[in-house]
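*Asks:* sequence and predicted structure, then a few things I'm wondering about:
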Amino acid sequence: MSTCGKSRRYRRLIVDTDLGLDDLVALAILRLQQCHILTHPSLPDHLTNFRICGVTVTSGISTANVRNAELLQRLLPSGTPVYVGAAVAAENVFREKPDWWNRTSRNVEQFLSSLPTTKISHSHELSDHERGGISAEEYLANNLDDPDVDILCMAPLTTLSKAIDVFSQEKPRQSILSNFFIMGGILNDSEQTKRGESTAPFGYSETASNQGLNISSPSSEDLSTEHNQFGEFNFALDIASARKVLAVIKAHIITVEACTLLPARFRGGTRSTNLRSILERRDGVEQQSDTTDEQIELTAARGNLLKLLLEFGTSETQWDSLSAAIYCNIFHSARDQKLLPIRPNELFLSDLGVCYYPQVTASGEFKDRCNWKSVDGYALDNSIKCHWIHPEFSLEDEMTFFQFLSSILFGK
């Protein structure tokens, strides 16, 4: 285990992103929280003590390419290596991406292009290895057997799936020891409870045949049926990889319900604290001159997060940003007590990423469907004890999240 100072022990964090707007907010939160950890050794012990050691880019909202990887480094702590994955996921489903998708990827590129580069005196020049000498899949594979590594997946699981393939060529899958936090999936009862996004995973209300879907896709039958236009983006974009990954590793699964702000109809009143009230405080913040590398980094991290929130708010940026907060463990034991253990052979994923398991359905139909013998050639790993399904996001969680944002943005 890595250590910092006399007693602060930290975990090495790798983030897998497809560069959506919510991914940018999540990465900005993680960078700023890392600054607070480094400068506030008396932070509560329950908060995850981590250092961002690398970021991998998977195709999803944005395309995994060198250009986007280089732009992303402006948002990250100085010297953070970024690795590029294969650019394949979206093309498996769409002939043409819908307008909202292209608009979001343009917003991401424009925002990253607007950021300055931060100069830190002790920052190191990236080696050829870190600049792309190896792929994202190889980088992840090299870290899968390290129990001190956490991997936060905020993208389709394409890259992680390929990393498991690379790893398995040299070592048995049972030696995968990293800890995984995966934002993906939606509960099968969310259409009734309305606690999740409760929309088509790609933003459709019409049938897929009118929306530019690639009807030759293996999942086209599910995608082109109005009844099945319910799911979650990350899993649906590469469902084969999602199924394979969850068959061979254990993970904290953060479904849409666990990282969506509470809809107004569940609130019973207005928020006493919200994003607007937090951002109004920015004018009253005392400006300080940056004289040390730590202050320069803190100012840059705060500025990036503020700019993101001012430009985009939380309407399009909540899912991965809340997943980052869950990883930071800001909710502590209140949510830990509600974690639901699920064995891999109790979990079934529909083609659009809907999660079925015993605790959320009264139907017995899924029992035969989810008792997989294998997934794309991967036998279910019986040594995996369980996944942990995170509970739905609550009003109390929302208050905690906004207070957390306020503390890292404006705390001393």
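*Replies:* Nice, thanks for sending it over.
*Asks:* and the strands in the stretch 201-350 of the chain?
*Replies:* Using DSSP state E, counting those that start in this stretch, the strands found in the stretch 201-350 of the chain span residues 252-254, 340-342, 348-349.
*Asks:* can you add mean neighbour count and mean pLDDT and give those strands back as a markdown table?
*Replies:* All C-beta spots, glycine's among them, are computed from the backbone N, C-alpha and C. Converted to a markdown table, the strands of the stretch 201-350 of the chain look like this (neighbours: other Cβ atoms under 10 Å; pLDDT from 0 to 100):
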| stretch | mean neighbour count | mean pLDDT |
| --- | --- | --- |
| strand 252-254 | 24 | 96 |
| strand 340-342 | 16 | 87 |
| strand 348-349 | 22 | 90 |
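*Asks:* a markdown table for those, including distance to S105?
*Replies:* Output for these, formatted as a markdown table (distance: least, Cβ to Cβ, whole Å):
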| stretch | distance to S105 |
| --- | --- |
| strand 252-254 | 23 |
| strand 340-342 | 33 |
| strand 348-349 | 26 |
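*Asks:* out of those, which is closest to F410?
*Replies:* Shortest distance between F410 and the strands of the stretch 201-350 of the chain, using Cβ to Cβ, is found for strand 252-254: 26.7 Å.
*Asks:* in its sheet, what does that closest one sit against?
*Replies:* Paired with strand 252-254 in the same sheet, following DSSP bridges, are strand 179-183 (parallel), strand 387-389 (parallel).
*Asks:* contacts made by the last one with the rest, please.
*Replies:* Put plainly, it is strand 387-389. Strand 387-389 is contacted from outside by 246, 250-253, 255, 258, 339-344, 347, 355, 357, using Cβ atoms under 8 Å, 6 or more residues apart in numbering.
*Asks:* before we move on, back to that, just give me the lowest mean pLDDT stretch among the strands paired with strand 252-254.
*Replies:* Confidence, taken as mean pLDDT, is least for strand 387-389 of these (a mean of 92).
*Asks:* can you name the next helix or strand after it?
*Replies:* helix 395-410 (DSSP states H and E).
*Asks:* for that following helix, list the C-alpha coordinates in CSV.
*Replies:* Output of helix 395-410 as CSV, limited to C-alpha atoms (Å, rounded to 0.1, in the frame of the first residue of the first chain):
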residue,chain,number,x,y,z
LEU,A,395,-32.7,13.4,-0.5
GLU,A,396,-30.2,13.0,2.3
ASP,A,397,-27.6,12.0,-0.2
GLU,A,398,-28.4,15.0,-2.3
MET,A,399,-27.9,17.4,0.6
THR,A,400,-24.6,15.7,1.4
PHE,A,401,-23.4,16.0,-2.2
PHE,A,402,-24.1,19.7,-2.5
GLN,A,403,-22.5,20.3,0.9
PHE,A,404,-19.5,18.4,-0.4
LEU,A,405,-19.3,20.5,-3.5
SER,A,406,-19.5,23.6,-1.4
SER,A,407,-16.7,22.5,0.9
ILE,A,408,-14.2,21.6,-1.9
LEU,A,409,-15.0,24.7,-3.9
PHE,A,410,-14.9,27.2,-1.1
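*Asks:* and that helix, what does it pack against?
*Replies:* Other helices and strands packing on helix 395-410, by 3 or more Cβ pairs under 8 Å, 6 or more residues apart in numbering; DSSP states H and E, are helix 21-39, helix 275-279, helix 293-312, helix 318-328, helix 333-336.
*Asks:* show me what the third one packs onto, helices and strands only.
*Replies:* Contact partners of helix 293-312 among helices and strands, from 3+ Cβ pairs under 8 Å, 6+ apart: helix 21-39, helix 99-114, helix 275-279, helix 395-410.
*Asks:* list the buried residues of that helix.
*Replies:* With burial defined by 16 or more other Cβ atoms under 10 Å, the residues of helix 293-312 counted as buried are 296-306, 308-309, 312.
*Asks:* and these, which is closest to V66?
*Replies:* Distances from the buried residues of helix 293-312 to V66 were compared by Cβ to Cβ; the smallest belongs to N304, at 21.5 Å.
*Asks:* if you drop the residues flanking it in sequence, what lies closest to that closest one?
*Replies:* A28 (4.9 Å; Cβ to Cβ, 6 or more residues apart in numbering).
*Asks:* who does the lengthiest strand in the chain touch, helix- and strand-wise?
*Replies:* Looking only at the chain and at elements set by DSSP state E, the strand with the highest residue count is strand 8-17. Using 3+ Cβ pairs under 8 Å, 6+ apart as the contact definition, the elements that strand 8-17 packs against are strand 2-4, helix 21-39, strand 50-57, helix 136-141, strand 149-154.
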